[in-house]
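*Asks:* Fold the following and give me the result.
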Amino acid sequence: MQTTTQSITLGNTNVSTAPLGIGTWAWGDKLFWNYGKDYDENQLRDAFNTAIEAGITLFDTAEIYGTGDSEKLIGRFMKERNQPVQIATKYFPFPWRFNGDAVADALSGSLKRLQLPSVALYQVHMPFDFFMGKKTLMNALADEVQQGRIQAIGVSNYTAEQMRYAHSVLSDRGVPLAVNQMPYSLLGRQIETNGVIETARDLNITILAYSPLAQGLLTGKYAPENEVRPSGARRLNPQFSREGLEKIQPIVALLREIGQKYDRTPAQVALNWLIAQGNVIPIPGAKNADQSRQNAGALGWLLTADEVDAIDRLTRKP
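*Replies:* Model prediction:
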C-alpha cells in the first residue's frame, strides 16, 4: 500500500484541500433523506466534528438543501467548534432570477445562514440559467471574487461545451473556473466518455465527484440475499431491487477482496479509486460520526496501479 498526504488545489486558484470532502445534501433534508426520523442534528454535529478530526475540512452544501437548513446547520456547527473549515455552497438558477443582482442576493442569503463573510467555493447548481444567460451569471460571480466574498468559482452538472463557455467568460475577467461538480462513481462513469473529464483536464478544472458511492450501492451494505433496503426516495431506485443488486455483486466482491489486503471497506476502496484518477475530489455524504470515520478511511493511502486497472476493467462499460 502506498501512503500519501496529498492535497488538491482547486483548478488555478489558491484554494487547497484534502482529496476528499463531505457532501451535505442529507443535512436537513426531510424529503429524500428522512432527516428528523432516521437521524437528527446531534448525529450531524458528530459527523461534522469527526470529519474535521480525521483531516476532512471541505463541506459541500447548497441553498436548496433542506431549503436552507443544511447551510444553517453547518453555520451552527462551525460556530460551536470555532475552527477554520472550507465551505462550498451553490447558487440555484431559479427562473425568476433575471439579472446579476440575484447572484449577490443569493450569496448574501447563504453567507447569512452559514454565519460567514466568505466561502471557499461558490458553484452554479445547474446549467439552466433561463433568462439571465451564462455570460451575465459568470460576470456576476467574477464580481463576487473581486469583492472577496468567494474565493473560487465552480459549476455543477455542466456539459463539456457549457464548461468551456463558462471558462472563457471568466477568463476574460481574469478569474479561473475552478470546479465542475458531477456525478462520478464506479457505477456512473459517464463523464469519462462525454468529454467532461477530458475538458476538465485540458482546462485544469477540478472534478468534485458527487454520489461517489452511488447512493450507498458501493458500500456493500445492500446485498440481494438480505432484506436491508434504503430509506426515503432511494427505495424507488431499481438498482436497489434484488435484480439490480445482483448485477453489481461482482464489483462489490472485487472491492471487498482488494480492501481486505489493506483492512479497508469496499466503500473506502471505491473512494480511493476516484482519488487515484487525479484532480478528482469525491464528496460522499455522512449522517453520523461512523460514516465520517468510514469516509476518512479512504485517505492517507493509494491503490496500486494494478488494482486501479483491475477495478477499471471490471466497471468500464463496453
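*Asks:* name the helices or strands packed onto the host helix or strand of residue 270?
*Replies:* Here residue 270 sits within helix 266-275, counting by DSSP states H and E. Helix 266-275 is packed against helix 242-262, strand 280-282, helix 289-296, strand 301-302, helix 305-315, with contacts defined by 3 or more C-beta pairs under 8 Å, 6 or more residues apart in numbering; DSSP states H and E. Glycine gets a C-beta too; all of them are placed from N, C-alpha and C.
*Asks:* now the helices: where do they sit in this protein?
*Replies:* 41-53, 69-81, 101-114, 134-147, 160-172, 196-203, 242-262, 266-275, 289-296, 305-315 (DSSP state H).
*Asks:* ok, so what distance separates residue 18 from residue 275?
*Replies:* 10 Å (C-beta to C-beta, to the nearest Å).
*Asks:* quick one on the thing from earlier: any idea which of the helices of the chain is most buried?
*Replies:* Most buried of the helices of the chain by mean neighbour count (mean count of other C-beta atoms under 10 Å) is helix 266-275; its value is a mean of 26.
*Asks:* how distant is that helix from the center of its chain?
*Replies:* 14 Å (C-alpha atoms, centre = their mean, to the nearest Å).
*Asks:* Just the angle for it relative to helix 242-262, thanks.
*Replies:* If you take axes from the mean of the first three to the mean of the last three C-alpha atoms, to 10 degrees, helix 266-275 sits at 80 degrees to helix 242-262.
*Asks:* Okay, angle between helix 266-275 and helix 305-315 too, please.
*Replies:* Taking the same axes, to 10 degrees, one finds helix 266-275 and helix 305-315 inclined to each other by 100 degrees.
*Asks:* wait, isn't residue 166 in contact with residue 139?
*Replies:* No - assessed by C-beta atoms under 8 Å, residue 166 is found out of contact with residue 139, at 10.8 Å.
*Asks:* can you list the residues that contact stretch 304-312?
*Replies:* Here stretch 304-312 makes contact (C-beta atoms under 8 Å, 6 or more residues apart in numbering) with 1, 2, 186, 254, 255, 258, 269, 273, 276, 303.
*Asks:* Quickly note the distance from the fourth one to residue 313.
*Replies:* So the one you mean is residue 254. 10 Å.
*Asks:* rewinding a little: which of the contacts of stretch 304-312 has the weakest pLDDT?
*Replies:* Across those, the bottom pLDDT score, 51, is held by residue 1.
*Asks:* so where's the stretch 1-150 of the chain uncertain?
*Replies:* Residue ranges of the stretch 1-150 of the chain with pLDDT under 70: 1-5.
*Asks:* gap between the closest residue to residue 186 other than its chain neighbours and residue 159?
*Replies:* Spatial nearest neighbour of residue 186, excluding adjacent residues (C-beta to C-beta, 6 or more residues apart in numbering): residue 315 at 4.4 Å. Distance, residue 315 to residue 159, using C-beta to C-beta: 23 Å.
*Asks:* about what we covered before: return the residues in contact with the residue nearest to residue 186.
*Replies:* By C-beta under 8 Å, 6+ apart, the residues touching residue 315 are 186, 187, 189, 251.
*Asks:* between those, which is closest to residue 153?
*Replies:* Distances from residue 153 to the contacts of residue 315, taken as C-beta to C-beta, are shortest for residue 189 (25.7 Å).
*Asks:* and the gap between that closest one and residue 103?
*Replies:* For residue 189, the distance to residue 103 equals 32 Å [C-beta to C-beta].
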